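Peer 1: Just to be clear, the model below is a prediction. Sequence and coordinates:
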Amino acid sequence: MCLATAAAAQPSLVSSAQTIQQSTRPAELVGRVVNNELNAKDEGHFIYRHWRKTADGIKVKEVIETAAGTVDHLIEVDGLPLTAKQQAKEEARLKNLLEHPELQQQQKKEQRQDDESERMMFRELPLAFLYEYAGVDRGQWGELICLTFVPNPNYQPSSREASVYKAMSGKLWVSLPEYRLARIEATLFKDVHFGWGVLGHLDKGGHFYIEQSKIAPHRWDVTYQDIQFDGRALLFKTIFLHETERSSDFRRVPDNLSLAEGIEMLKQNNRQMAASSN
């Protein structure tokens, strides 16, 4: 919720935010935020806990960033520690990854593709929507400026994926003084068809919510997201995308950590957790 009334009741809260709203058009503010997000430099490497809920259940992983990419270790399934069989499967998967450079390259390629897809969609935000200021609130790291958005009727999507923006409206929150995206939420107000309906569609009512947190003095990361979409892809294949994810317990690790060292750190942590649970 955009808390304009809460901000009005606290003059000290809105001083810098009011100045920005009076001197900067909403689209310009969004453009500045998008530029900051796209050009942000990662501050070191981290190890953290990742919780994910899907239709298949709940899985918890420990994730570590290394000089060779990100790697993870499954530590919990549906609230229970791994069985001996599950543990052996994880150990074999990580051993196989370490022993096969081609798998490492494939994983890095997939991570790069995912990152570029996200960057492409994010890059379109200033053009895809019309924005209006909708209030100010106090965030964990400073003031939050809330903006609402609706599709820009003149927007021409640069990709099939970006065409979803023409059926989407929502809100986003900008964290001051760093001009970073704190939260964004959006809902499909009509069905979205790809390729004249032949390639599929997303159903009206689908929505997502994403939240970023400041995990280090100069680094922000997605720490919560809730994605709920239904539809159809490639003829009659059903899209059933319902997942909630949460990342927490961020801790710095050496910047030059190798893949082998990262995997060994994950294994050691897992052994310690298994020993403490017995």
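Peer 2: Structure's in. What do you need? Numbers count the residues shown, from 1 in each chain.

Peer 1: okay, CA-based contacts and neighbour counts for the rest of this
Peer 2: Noted.

Peer 1: Would you mind listing the buried residues in the longest strand anywhere in the chain?
Peer 2: Longest strand in the chain by number of residues (criterion: DSSP state E): strand 237-253. Of the residues in strand 237-253, 239, 242-248, 250, 253 count as buried by neighbour count, 16 or more other Cα atoms under 10 Å.

Peer 1: do the same with stretch 130-144
Peer 2: 130-138, 143-144.

Peer 1: can you check stretch 150-157 too?
Peer 2: In stretch 150-157, counting by 16+ other Cα under 10 Å, buried: 150-151, 155, 157.

Peer 1: just to revisit the earlier point, make a markdown table out of the buried residues of strand 237-253 and add distance to Ile184 and pLDDT.
Peer 2: Shown next, in a markdown table, are those (distance: Cα to Cα, whole Å; pLDDT from 0 to 100):
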| residue | distance to Ile184 | pLDDT |
| --- | --- | --- |
| Ile239 | 23 | 59 |
| His242 | 17 | 92 |
| Glu243 | 16 | 95 |
| Thr244 | 15 | 97 |
| Glu245 | 15 | 97 |
| Arg246 | 15 | 98 |
| Ser247 | 17 | 98 |
| Ser248 | 19 | 97 |
| Phe250 | 22 | 97 |
| Val253 | 29 | 96 |
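
Peer 1: a markdown table please, covering those and showing distance to His50.
Peer 2: Output for the buried residues of strand 237-253, formatted as a markdown table (distance: Cα to Cα, whole Å):
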| residue | distance to His50 |
| --- | --- |
| Ile239 | 24 |
| His242 | 17 |
| Glu243 | 13 |
| Thr244 | 11 |
| Glu245 | 7 |
| Arg246 | 6 |
| Ser247 | 5 |
| Ser248 | 7 |
| Phe250 | 10 |
| Val253 | 16 |
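
Peer 1: The residue nearest the centre of the chain: what's its closest spatial neighbour, skipping adjacent residues?
Peer 2: Centre of the chain computed as the mean C-alpha position; nearest residue by Cα atoms, centre = their mean is Val222, 4.2 Å away. Distances taken as Cα to Cα, 6 or more residues apart in numbering place Gln212 nearest to Val222, at 4.2 Å, with adjacent residues excluded.

Peer 1: again with Leu241
Peer 2: That would be Phe229: by Cα to Cα, 6+ apart, it lies 5.0 Å from Leu241.

Peer 1: now Val63
Peer 2: Nearest one to Val63, counting by Cα to Cα, 6+ apart, is Asp72 at 4.2 Å.

Peer 1: Quick one: list the elements packing against the helix or strand containing Gln113.
Peer 2: Element membership for Gln113 (DSSP states H and E) is helix 101-123. For helix 101-123, the packing partners by 3 or more Cα pairs under 8 Å, 6 or more residues apart in numbering; DSSP states H and E come out as helix 26-39, helix 84-99.

Peer 1: Most tightly packed of the ones you listed?
Peer 2: Compared across the helices and strands packed on helix 101-123, helix 26-39 shows the largest average neighbour count, a mean of 17 (mean count of other Cα atoms under 10 Å).
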